[in-house]
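[1] Generate a structure from the sequence data that follows.
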Amino acid sequence: MNLRFGIKTAPHYTTYEEMLRVWLEADTIPVFEHAWVFDHFMPLGMNIAGPCLEGWTLLAAFAAQTRRLRVGVMVTGNTYRHPAVLAKMGATVDIISHGRMDFGIGAAWNEMEHEAYGIPFYPPGERIRRLAEACEIIRRMWTETTADFDGRYYQLKNAYCEPKPIQKPYPPFVIGGSGEKSTLRVVAQYANIWNFAGGPVENFRQKSEILDSHCVAIGRDPTKIERSVQFMFTPNDLGELRDTLRSFIKAGATHLIFNLRAPYPEGIVRRLAEEVAEPLHAEFD
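    Numbering: from 1, shown residues only. Reported below is the predicted structural model:
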């Protein structure tokens with residue numbers, strides 16, 4: 001199994017400098033291959049008045065200061081930006097990173113955030129249909145000289161995206177969500193990596209099997225889509241974390257993300273490498 005470990009620093013209740021310290025440490029540890037921020041405008045948690053940095057501008061800064069890690073937003077809320085604008089942002093970050101961006105996107109879910117910022121919060125079915133159109137638009141803008149699109153929700157006419165991303169044919173799509181009928185169908189069509197929305201390993205295994213069936217239905221090889229999971233943990237329970245990861249790996253997860261919570265203990269990335277990622281890498285690879 002080709003296990004790929006990463007870290008995630010949610011940019012709330014912390015500072016730019018503290019997150020950068022963690023990313024630069026991870027950039028020096030070979031077992032970590034990718035790093036992520038989230039896409040929210042207010043903190044997730046009880047204190048919504050706390051600090052929260054914007055994910056894409058933060059990602060551009062981290063992309064410029066790292067050298068090896070793949071970088072991404074886990075995952076972008078499609079409703080927050082027009083997909084043509086998002087395509088331009090993604091292409092720019094891929095260029096800044098010299099071709100190290102993974103493009104994370106999902107349908108968006110935070111109703112309170114939409115209401116606070118005056119962003120329309122569409123019904124679930126419409127959000128997923130908008131996600132599908134957005135994926136098609138972004139893929140076209142990254143691969144075609146000019147993109148035209150006449151969809152139900154979005155329209156483009158002679159839309160240029162120059163310069164194109166460095167990665168060819170385009171940066172990998174990482175799509176988050178677990179809706180069985182619609183979301184996983186979008187994943188089957190567009191994703192290179194599927195990010196499981198969260199829950200017990202039995203739920204992950206069931207959703208993964210449903211994703212396989214959607215792939216078969218459209219003639220796509222299910223093994224071409226990596227299975228991604230995020231893991232919350234406390235530094236005192238790394239043995240338990242290792243056991244949890246082992247169960248997901250046995251169920252088919254290969255793209256594994258440690259979701260770090262601020263304040264970040266000194267040396268936590270090195271500890272995760274030595275006590276969790278490296279032993280599992282040796283065990284399964």
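
[2] Which residues are in contact with Gly90?
    Gly90 makes contacts with 101, 103, 138, 142, 165, 171, as judged by CB atoms under 8 Å, 6 or more residues apart in numbering. Bear in mind the C-beta positions are built from the backbone N, C-alpha and C, glycine included.

[3] quick one, what contacts the third one?
    It refers to Ile138. Here Ile138 is in contact with 83, 86-87, 90, 103, 105 (criterion: CB under 8 Å, 6+ apart).

[4] if we go to 10 Å?
    Shown in contact with Ile138 (CB atoms under 10 Å, 6 or more residues apart in numbering): 78, 83-84, 86-88, 90-91, 103, 105, 147, 161, 170-171, 173, 190.

[5] Give me the pLDDT value at the residue most central in space within the chain.
    The chain has Met74 as the residue nearest its centroid, 2.9 Å off, counting by CA atoms, centre = their mean. The model reports Met74 with a pLDDT of 97.

[6] so where do the strands sit in the chain?
    4-9, 32-37, 70-73, 76-77, 103-106, 147-150, 155-159, 173-176, 193-195, 226-232, 255-260 (DSSP state E).

[7] ok, Gly239 - how many residues close by?
    The number of residues packed near Gly239 is 10, by other CB atoms under 10 Å.

[8] Tell me, what's the model's pLDDT at it?
    In this prediction Gly239 is given a pLDDT of 95.

[9] How about it, nearest residue that isn't a chain neighbour?
    Glu275 (7.7 Å; CB to CB, 6 or more residues apart in numbering).

[10] same check, this time on Arg4
    Arg4 sits nearest to Glu33 (CB to CB, 6+ apart), 4.7 Å away.

[11] Might you list the low-confidence residue ranges for this structure?
    For the chain, the stretches flagged by pLDDT under 70 are 1.

[12] Buried residues, the biggest helix by length in it. List them.
    Counting by DSSP state H, the longest helix found in the chain is helix 124-143. Buried residues in helix 124-143, counted by 16 or more other CB atoms under 10 Å: 127-142.

[13] Tell me which stretches of the stretch 151-285 of the chain form helices.
    Secondary structure of the stretch 151-285 of the chain by DSSP state H, counting those that start in this stretch: the helices cover 183-190, 201-218, 238-250, 268-272, 278-284.

[14] Dump those into TSV; add distance to Ile96 as well.
    Output for the helices of the stretch 151-285 of the chain, formatted as TSV (distance: least, CB to CB, whole Å):
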stretch	distance to Ile96
helix 183-190	23
helix 201-218	31
helix 238-250	31
helix 268-272	22
helix 278-284	29
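
[15] among these, which is nearest Val22?
    Closest of these to Val22 is helix 268-272, at 6.0 Å (criterion: CB to CB).

[16] ok, residues contacting the closest one?
    Under CB under 10 Å, 6+ apart, the answer for helix 268-272 is 5, 7, 21-29, 31-32, 35, 233, 235, 238, 241-242, 258, 260-261, 265, 277-278.

[17] distance of the nearest residue to Met74 once chain neighbours are set aside from Cys215?
    Counting by CB to CB, 6+ apart, Trp36 is the residue found nearest to Met74 once chain neighbours are left out, at 3.9 Å. In this view, Trp36 and Cys215 are 24 Å apart by CB to CB, to the nearest Å.

[18] go on, Phe62?
    32 Å.

[19] For Ala63, list the residues it contacts.
    23, 35, 69-72, 92-98, 100-101.

[20] closest to Glu111 among those residues?
    Closest to Glu111, out of all of those and judged by CB to CB, is Gly72, at 24.2 Å.

[21] isn't that closest one right next to Asn192, touching?
    No. Between Gly72 and Asn192 there is no contact under CB atoms under 10 Å: 11.4 Å.

[22] So if I had to pick from the two, which one is more boxed in?
    Gly72 (29 against 17).

[23] Skipping adjacent residues, who's closest to that one in space?
    Asp102 (3.9 Å).

[24] circling back: now list whatever residues contact both of Gly72 and Asn192.
    Common contact partners of Gly72 and Asn192 (CB under 10 Å, 6+ apart): 102-103, 171-172, 174.

[25] quick one: which of the residues you listed is most hemmed in?
    Counting neighbours by other CB under 10 Å, Phe103 leads the shared contacts of Gly72 and Asn192 with 30 neighbours.
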